[in-house]
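>>> Here is the input, now give the coordinates:
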Amino acid sequence: MRGAVAGLGKGADMHHSSREGRLGAALVEAADTLSEAFDTVAYLRRLSDHCVALLDASAAGFMLIEGGEAVSFGVSSRQQELALDLLEVQHHGGPCLESYGSGEPVPPVAIRAAHASSRWPDFTERALRHDIGSTFAVPLRRKGTPLGALNVFAPEQARPSPAPEDGTALLLAQILADAAALGLANHRVFTQYRTLTSQLQEALSSRVRIEQAKGMLAERRRTGMDEAFIALRRFARSHRLPIDEVATAVITDSQDIAELGREHPGPA
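Numbers count the residues shown, from 1 in each chain. Purely as a prediction, here's the structure:
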């Protein structure tokens, strides 16, 4: 008897450790968003997979929302079509929109009870077709700004394997949602900085090309640098071309701007 009890305790510890390990792996993955190859849908799918495994759910999915409208979904690999269907049907109401609107979690709700009370009629009817017994949602938010929600779907019949209590399930889901929000926000900042860096680099390269073209024109026309720049700018304006494009043509000695080398600078 004592050995059986010890065995049960060992099994519970292993399950607890396994869940902690899975949560740790999920949080590490949630932070890995600083990459040019980042894919939002694939990222949310992987976090949804972690959520399903941690909570022993049927399926889970993220809904990203802008201006009150869903703009993107990321659903678990397990029962992917089910999760996507239950997210897409929430146009007129559902756990995701409710959690997004309030900024607070929607605690576990029995689908049959919600359907009987006409709460989210379209969603609950579809959930019953999929044999979903209950659902809950937590907000996806960053520094008070709502980004969407994470929706978890539990089976009609309880599974034999132990699952987290409702309070623990909400907490774990909210931790994953907060980590996802942080990861998405970091990727957005990363993208903005890369775009800015690219723009600054292009501006610098353009300036270098213009200076090089000025020097070449000054030598060809035997004029000063200022006069060469006036000629370059005048040609660009008269032909409605970007000055950088004209400068590049000068550097490559394009025949399209051969006349520029013969012009004499006039008024700017």
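>>> Which residues are in contact with Asp131?
In this structure, Asp131 makes contact with Pro155, Glu156, judged by C-beta atoms under 8 Å, 6 or more residues apart in numbering. (Glycine included, C-beta is placed from N, CA and C.)
>>> Also Ala31?
Ala31 makes contact with Ala179, Leu182, Gly183, Asn186 under the criterion C-beta under 8 Å, 6+ apart.
>>> which of those has the weakest pLDDT?
The weakest per-residue confidence within the contacts of Ala31 falls on Asn186 (89).
>>> residues near that residue, how many?
Neighbourhood size, Asn186 [other C-beta atoms under 10 Å]: 16.
>>> Just the element for it, please.
helix 166-221 (DSSP states H and E).
>>> Just the pLDDT for Lys10.
In this prediction, Lys10 carries a pLDDT score of 43.
>>> and if you look at Phe229?
As summarised for this prediction, Phe229 has a pLDDT of 87.
>>> which non-adjacent residue is nearest it?
For Phe229, the nearest residue in space outside its immediate sequence neighbours is Lys214; the separation is 5.0 Å by C-beta to C-beta, 6 or more residues apart in numbering.
>>> Measure how far stretch 109-119 is from the centre of its chain, please.
What separates the centre of stretch 109-119 from the centre of its chain is 32 Å, taken as C-alpha atoms, centre = their mean, to the nearest Å.
>>> To clarify, my last question referred to stretch 206-213.
Relative to its parent chain, stretch 206-213 has a centroid offset of 38 Å by C-alpha atoms, centre = their mean.
>>> Identify the residues contacting it?
Here stretch 206-213 has contacts from Ala228, Phe229, Leu232, Ile243, Asp244, Val246, Ala247, Thr248, Val250, Ile251, using C-beta under 8 Å, 6+ apart.
>>> I'd like the residues you listed as JSON lines, with neighbour count appended.
Listed next are the contacts of stretch 206-213 as JSON lines, based on neighbours: other C-beta atoms under 10 Å:
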{"residue": "Ala228", "neighbour count": "23"}
{"residue": "Phe229", "neighbour count": "21"}
{"residue": "Leu232", "neighbour count": "24"}
{"residue": "Ile243", "neighbour count": "17"}
{"residue": "Asp244", "neighbour count": "17"}
{"residue": "Val246", "neighbour count": "25"}
{"residue": "Ala247", "neighbour count": "26"}
{"residue": "Thr248", "neighbour count": "17"}
{"residue": "Val250", "neighbour count": "25"}
{"residue": "Ile251", "neighbour count": "14"}
